[in-house]
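Participant: generate coordinates for the sequence data below:
(2 chains)
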Amino acid sequence: MNSPNFTRRTFLGQAGLSLGSAALTSLASGASPTGLSHLAAKAKRVIFLCMAGGPSHLETFDYKPKLDELNGKPMPESFTKGQPIAQLQGQALKVQGHLTKFPRHGKSGQLISDYLPHTAKIADDIAIVRSMVTEQINHDPAHTFMNTGTAISGRPSMGSWVTYGLGSETEELPGFVVLTSVGGRNPQPIASRQWSAGMLPSRFQGVEFNSSGDPVHYVSNPKGVSTKQQAALVDAIRKLDQKRNAHVANPEIATRIAAYEMAFRMQASVPELMDISDEPQHVLDAYGAQPGDGSYASNCLLARRLAERGTRFIHLYHRGWDHHGDLQKYMNICCGLTDKPTAALINDLKARGMLEDTLVIWGGEFGRTPMFQGKGGAGRDHHIKGFSMWMAGGGVQGGTTYGETDELGYHAVNNVVHVRDLHATMLHLLGIDSTRFSFPFQGLDLRLTGVEPAKVIKGVLA
Amino acid sequence: MEAAFGDDSRLRFILRRFTPFRKTHPLSERAFRCEVWPIMKRRSLYILLLLSGVALAEVGADAPLDFNRDVRPILSDKCFFCHGPDSHERKADLRLDTAEGALEDLGGYAAIAPGKPEDSEFMLRIRDEEDPMPPEKSHKELNQEEIAILERWIAEGAEYSEPWAYVRPKKREVPKVKDTAWSENWIDRFVLARLESEGLQPAPDADPVTLIRRLHFDLTGLPPTPEERDAFVSRERNLDEIVNALLESPHFGERLAMYWLDLVRYADTVGYHGDQDHNISPYRDWVIAALNTNLPFDQFTREQLAGDLLPNSTTAQKVASGYNSLLQTTHEGGLQLKEYDAIYAADRVRNVSAVWMGATVGCAQCHDHKYDPYTIKDHYAMAAFFADIADRDFTGNTLPAQRPPEIRIFTPEQEAELALLDRELKKRLKPDAQAQLSKLEGRRQKLASDIKKAQDKKKAELKSKLSEADQEIAEIAPKPTLKAFRKLRKQRADLEKLGRLTMITVAQEPRKMRVLPRGNWQDDSGEIVLPAVPRFLGELKPGNGERATRLDLPNWLTDVENGAGGLTARVFANRFWYLYFGTGISRSLSDFGGQGEPPANLELLDELAVSFTDSGWDLKALVRLIVTSRAYRQSSTASPELFERDPHNQLVARQSRFRLPAELIRDNALAISGLLVRESGGTSAKPYQPTGYYRHLNFPKRIYKPHANDNQWRRGLYVHWQRMFLHPMLKAMDAPSREECTAERPRSNTPNAALVLLNDPTFLEAARVFAVRILLEGGDSLDSRLDFAYHLVLSRPPDAEERSVLISLLKTTQSEYAKNSAAADALLKNGLAPTPPELDKVELASWAAVSRALLNLNETVTRN
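Facilitator: Just a heads-up that it's a prediction; the model follows:
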């Protein structure tokens, strides 16, 4: 009902129904407001695995022999002149060779580094994009850019866009859930702006599930209040609101009653979701998850549980990837925490027949420089002109490598993929034409993909 | 139902023709849903059709189209992107936003031939069957109704008129009305004239209880006490007296400040990356004080944008200039200073234009504006007003982050004490002697430290110099005097440290400002610009070819004769209408441009704007005028037909009802329980918050410590505003993060908000303390207690059904607690406020369930 092109006629049509609890419940939970069906959808949901801090493409998916050749030598100025630069401002720039090897993996023979032995085993399931570019070189605006398509605060996050466009398939859980993980290097700050609904209706805002304390804020009964008492309370509120409604005839009250009903249901459904102790041991082992540890591994498992229950967009953060120094040490730590669970998630989805309609995306807000930075041991600075991400699942051609950077992994030069192209592709796979998916705001038809042309990355589609 | 409509397009035409506005608004669906009756019967549809038909006969057929109201929105939305102000984007060198462009001879023909749609290339292209305009790739489409309007407009002569917002508001004649009894002041005549022309009647007055609650929430943000309610209901005090008292209440400034702080994006933290605290709360207190003392709005504007540039600026004016530091800033390592210069400049232009001009000049950061005549040069010329602000002098990841210049602000008591200490110090030593002493002490200190480092040979010499200095110090005053002086001086220094730091603006040499092509901060090829106002709105004449200053901007914004004063006044008259009617006269609260919705009643808006400026920008006079109108007093209930016909209340045939803003939901609960601490101003308050909520903050890591003193129960307006992680309660109730200007908050109704009201410790504690009040002050019977509770929460008694629901809740809860008194105990332990030990725990905990129910009612959180 929230279509920007909402006509009075649709309203009349719906209002002709008795607005009973069912219709209102779907309002409260965010059922599809736009009824979008531009294209045939290949994927029904998205799991976005965000490696916050910016993982090095040169230690994961982008092998450049020349980089090793020039190791320790000055970085040719032809690459860097006039380019934006973060912490290396004003310093002598020298080339840092790869810190590991890049064997070929799978039938497809994809180049994947030794830091990612488990990802290597799903090489044939993933499409690697080695030619990503973004526009923001500092973490916070770069996340905002990756998530909303602009660095200006206050725009809807992609999870909100998708939930707004397609609605949610659950009435007991939010349609857009954010999970953040503990462990790794000094963690990146991450703002709740990253899952904001911006100017879209608030019910499309991402809900963060916490790994400690209440999984959702205030979802537990207060101390000293039993579920029976809480039910009696919610029931009394409903009766009193309904009674008032008979007097003032305010449909907002009916919406509110539905919201209380869902809140009460969430008080049971969220703890049930979060309790992974009912998973068989072999599943826990595959992920390396331990109930309640708040780890990336547990979150990958939760992502699958959310996907099963109908959540539309699951945004999972691991915040340890800002490796200005000690790259080797921290790649070992961060890959150690994320590589196996990521692969386990793909395998688990596949085993359950869910990978075919779940789009999984892996990547950070940017990549890292081919140049050496030396905070502690060798490291790399922020880099936005070329980096890698991968996609898998619904509608994606596994075993593909798409695009390339120049010989030193600096500039994306072939089949360049801008963040908005990634967004357009994601929407395309969900059956949405990004150019026709907009929301009126301050006189603009606002789009996730913005005003510049965005293209679907055909080369990764199945 | 379908059959009843017959020709569907015809019906849509009729329906849409008589909705005040054609375009849907981001918030429209929600507002629509909120305000339309749930059950639409066929009967009402027939009535609707009937009503529409009548209106069609009256307005539709006879009155000529109004360009700004009827035509411009269509052209703007469908055509201007390619045929509008942006010269770079313009296709076929054709512009349709000016008569000149549209009528231009294109070699024997013109896009638009006035009076002759059939000869207008414009219409031919629109009607082209093969490839109609707008082109497919624009994803824009004209529907039949819009085409009909455009055609009719050309047939009627294709008159253009200036965009309404940029024509100076003019004094309007107060219209004549048929019903001469209804109006209370001239606002009502404008409202009523419109209603009469639509064949509508105003709603009856709201009942006194609703009205007194409405006034209290609107003007102070707090509920009336039972005594205040009784005084009005019994007519002991009349409306004027009550309004005057509320306008003089210290809570008036707090209530209005909540709105202002949303506009100017006030927050306690920097917003980017580490989201560290920054020093700014005295600015918030300045806003409250300025609103309470009714500082004229032009001066209010001037002091914020350029308080530092006013001659002999006072401390308060310097604090006000903290406005320029309210933007989001970053302290992230590896930031590129030049990039952030550009980011901050654009941020300031977005804010100043949105707040004062209702304009989206920010859209011209990369290119000329697509819909309004703002050029990219206008954008950077506006940014140049702020080029004298120091943005590069800041600390890294410290807590708080500091962005000098900052000054210390003292409470009046501290000021008095400082003055007293100064007098005492002066008694001990005259100012000359004080200066001499500190000079000598400085010398002595240096010598002492040199001696430590010096070699033996040198040491002796230094030592003799040291004793010389000591000798000179001794000559200034006798030892006891010196000792007393130093003690006082130490006291003063300690007191000084208690002052609250606040960021201010101090003008420095302006940095060079260039147009950044495509907004690219690395591109130095753009022309250098000087401070200037958007060209199509006029020109500043600083005189002698001098550079315009930051002070010239607010002067221009509030200059009715030669500046944008009329525009500013309209923007704010509209927003004040929104504050007291729940919707603007133009529903676009920060976009008065071509893509915004034109005002539903331009005459009324103009007259309000003119009266605002004529009064010398008297804010309280404007508020008084609005809230003492008969229109304001109307009931919010109305027929389904009216809700259907005017879902956004643009005709003002009723009042609006809406959920209270986040802060007020908190204030209301605290006031009802009696916990509310009414102290004004000060550092921000930290209420209970879920443990670990700040775990994603870093640089440095943050541990949130809720206040364990009176600060715990302060008004929502004072709650620590962490941009990246706004308090979950505020967030669930739609308070903005204040990263950008917010002129209108959404009003959502979500399960998360329900969880807050049900389970947030602040509301649990308020419920518990409220229950204590019920038991101690509400008499002994169930009935008297429920009466007491209802009067506190809703200013009315409960009826029999409400009593029975609550008694049943009480009994159910009580029977459980009787079996498990430990649970009752656990509930009562929530929060810091003490519980009187003499009360029976089971009874109290059971009543807490009743008070929780009452605090959760829709009626409790609704301004009606």
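
Participant: tell me if I am right that A:Asp392 is in a strand.
Facilitator: Rather than Asp, residue A:392 is Ala. Yes: when DSSP: H, G, I helix; E, B strand; the rest coil is applied, A:Ala392 is found to be in a strand.

Participant: next, count neighbours for it.
Facilitator: Counted with other C-beta atoms under 10 Å in any protein chain shown, residues neighbouring A:Ala392 total 27. All C-beta spots, glycine's among them, are computed from the backbone N, C-alpha and C.

Participant: who does it bridge with?
Facilitator: A:Ile126, A:Val360 (DSSP bridges).

Participant: contacting residues for the closest residue to chain B within the stretch 351-462 of chain A?
Facilitator: Nearest residue of the stretch 351-462 of chain A to chain B (C-beta to the nearest C-beta) works out as A:Gly443 at 2.3 Å. Residues counted as contacts of A:Gly443 (C-beta atoms under 8 Å, 6 or more residues apart in numbering or on different chains) are B:76, B:360, B:371, B:591, B:593-596.

Participant: helix, strand or coil for the closest residue to B:Arg575 other than its chain neighbours?
Facilitator: Spatial nearest neighbour of B:Arg575, excluding adjacent residues (C-beta to C-beta, 6 or more residues apart in numbering or on different chains): B:Leu589 at 5.7 Å. Following three-state DSSP, we place B:Leu589 in the coil state.

Participant: contacting residues around B:Leu589?
Facilitator: Neighbours of B:Leu589 in contact, by C-beta under 8 Å, 6+ apart: B:358, B:574-575, B:578, B:743-744.

Participant: will you turn those into TSV that also has neighbour count and distance to B:Ala306?
Facilitator: Listed next are the contacts of B:Leu589 as TSV, based on neighbours: other C-beta atoms under 10 Å in any protein chain shown; distance: C-beta to C-beta, whole Å:
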residue	neighbour count	distance to B:Ala306
B:Gly358	25	21
B:Asn574	25	25
B:Arg575	21	22
B:Tyr578	19	27
B:Ala743	19	23
B:Glu744	19	27
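
Participant: got the residues you listed as TSV, with pLDDT and secondary structure columns?
Facilitator: Converted to TSV, the contacts of B:Leu589 look like this (pLDDT from 0 to 100; DSSP: H, G, I helix; E, B strand; the rest coil):
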residue	pLDDT	secondary structure
B:Gly358	95	coil
B:Asn574	98	helix
B:Arg575	98	helix
B:Tyr578	98	helix
B:Ala743	95	coil
B:Glu744	92	coil
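
Participant: which one of these is nearest B:His791?
Facilitator: Set against B:His791, the nearest of those by C-beta to C-beta is B:Tyr578 (30.6 Å).

Participant: I'd say that closest one and B:Glu744 touch.
Facilitator: Yes: between B:Tyr578 and B:Glu744 a contact is recorded at 6.9 Å, counting by C-beta atoms under 8 Å.

Participant: need the overlap of contacts for those two.
Facilitator: Going by C-beta under 8 Å, 6+ apart, residues that sit against B:Tyr578 and also against B:Glu744 are B:584, B:589.

Participant: which parts of the stretch 301-450 of chain B sit against chain A?
Facilitator: B:328, B:330, B:332-336, B:339, B:343, B:360, B:362-363, B:370-371 (C-beta under 8 Å from any C-beta of the partner chain).

Participant: for chain A, what spans make up the helices?
Facilitator: Here chain A has its helices, by DSSP state H, at A:8-15, A:21-29, A:65-69, A:77-80, A:117-121, A:139-148, A:158-166, A:227-248, A:251-274, A:281-287, A:296-309, A:327-351, A:419-429.

Participant: what is the mean pLDDT for the second one?
Facilitator: Averaging pLDDT along helix A:21-29 yields 33.

Participant: equivalent analysis for the longest one, please.
Facilitator: Helix A:327-351 comes out with an average pLDDT of 97.

Participant: may I see the buried residues of that helix?
Facilitator: Across helix A:327-351, burial judged by 16 or more other C-beta atoms under 10 Å in any protein chain shown covers A:327-328, A:330-331, A:333-335, A:337-350.

Participant: same for chain B: which of the residues you listed are within range?
Facilitator: When C-beta under 8 Å from any C-beta is applied, no member of the buried residues of helix A:327-351 is adjacent to chain B.

Participant: in the stretch 201-350 of chain A, what residue is nearest chain B?
Facilitator: Scanning the stretch 201-350 of chain A for proximity to chain B using C-beta to the nearest C-beta identifies A:Gly224 as nearest, at 3.1 Å.

Participant: what's around that residue, how many residues?
Facilitator: So A:Gly224, with other C-beta under 10 Å, has 20 neighbours.

Participant: distance of it relative to A:Leu444?
Facilitator: Computed as C-beta to C-beta, to the nearest Å, the A:Gly224 to A:Leu444 distance reads 51 Å.

Participant: grab the nearest non-local neighbour of residue 346.
Facilitator: As the question left the chain open, I've gone with chain A. Going by C-beta to C-beta, 6+ apart, A:Ile346 has A:Ile122 as its nearest residue, at 4.9 Å.

Participant: you answered for a different chain; I wanted chain B.
Facilitator: Counting by C-beta to C-beta, 6+ apart, B:Ala346 lies nearest to B:Gln365, which is 4.9 Å off, once chain neighbours are set aside.
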